[in-house]
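*Asks:* Take a look and give me a structure for this.
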Amino acid sequence: MKLSRRARYALRMMLSIARYSGPDERVSLKEVAKKTKISRRYMEQLAIALKNSDLIVGITGKGGGYRLSRPAPEIKLADIVTAAIGPIEIVECLDHADSCLQAAGCECRELYQQINDRITDLLNEYTLADLANKKIKAALPKD
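*Replies:* Okay, the predicted model is just below:
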């Protein structure tokens, strides 16, 4: 399973906006694109989704750019991923049982649901501030 490019880029974009903007300061997409090495065109698409989810605010005109809509500690990583790709679903049949002929009798469905729940819980556990402050540590391997 892979986290989509769109979700990864949304996280990088939000991290850059968090670092280089402030309540009274905005950062341009051109600047963010340069710092993240993501094309400006792709960022423009992401910006629409992030604005529609009320995660960023865009100001047009001279001195315009983007800033966070609320403080980074209030933005869950799950909010960013969901804004970028929609609901977190490792398999479509979890929320749309009619999409799979085997959903009613699927022996793996509960496992899929647990995996999905743990991913969602982890993304809800951390905020944009945690990511910016490098407070996310990899779990140590169990002996």
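*Asks:* ok, now how distant is Ala72 from Ala132?
*Replies:* 6 Å (C-beta to C-beta, to the nearest Å). (Each C-beta comes from the backbone N, C-alpha and C, glycine too.)
*Asks:* okay, the two: which has more neighbours?
*Replies:* Applying other C-beta atoms under 10 Å to Ala72 and Ala132 shows that Ala72 carries more neighbours, namely 18 against 15.
*Asks:* that older thread, give me the common contacts of Ala72 and Ala132.
*Replies:* Both Ala72 and Ala132 are in contact with Ala18, where contact means C-beta atoms under 8 Å, 6 or more residues apart in numbering.
*Asks:* Now do the helices in the chain.
*Replies:* Counting by DSSP state H, the chain has helices at residues 5-20, 29-36, 40-52, 77-85, 109-125, 128-132.
*Asks:* Can you tell me which of these is nearest to Arg67?
*Replies:* Relative to Arg67, the nearest member of the helices of the chain by C-beta to C-beta is helix 5-20, separated by 6.7 Å.
*Asks:* buried residues in the closest one?
*Replies:* For helix 5-20, the neighbour count (16 or more other C-beta atoms under 10 Å) marks 6-7, 9-18, 20 as buried.
*Asks:* contacting residues around it?
*Replies:* Contacting residues not belonging to helix 5-20 are listed as 27, 31-32, 35-36, 38, 42-43, 46-47, 49-50, 55-56, 66-68, 72, 75, 77, 80-81, 83-85, 128-129, 131-132 [C-beta under 8 Å, 6+ apart].
*Asks:* these two touch, right, Asn124 and Ile80?
*Replies:* No: contact criterion C-beta atoms under 8 Å: Asn124 and Ile80 do not qualify, at 11.2 Å.
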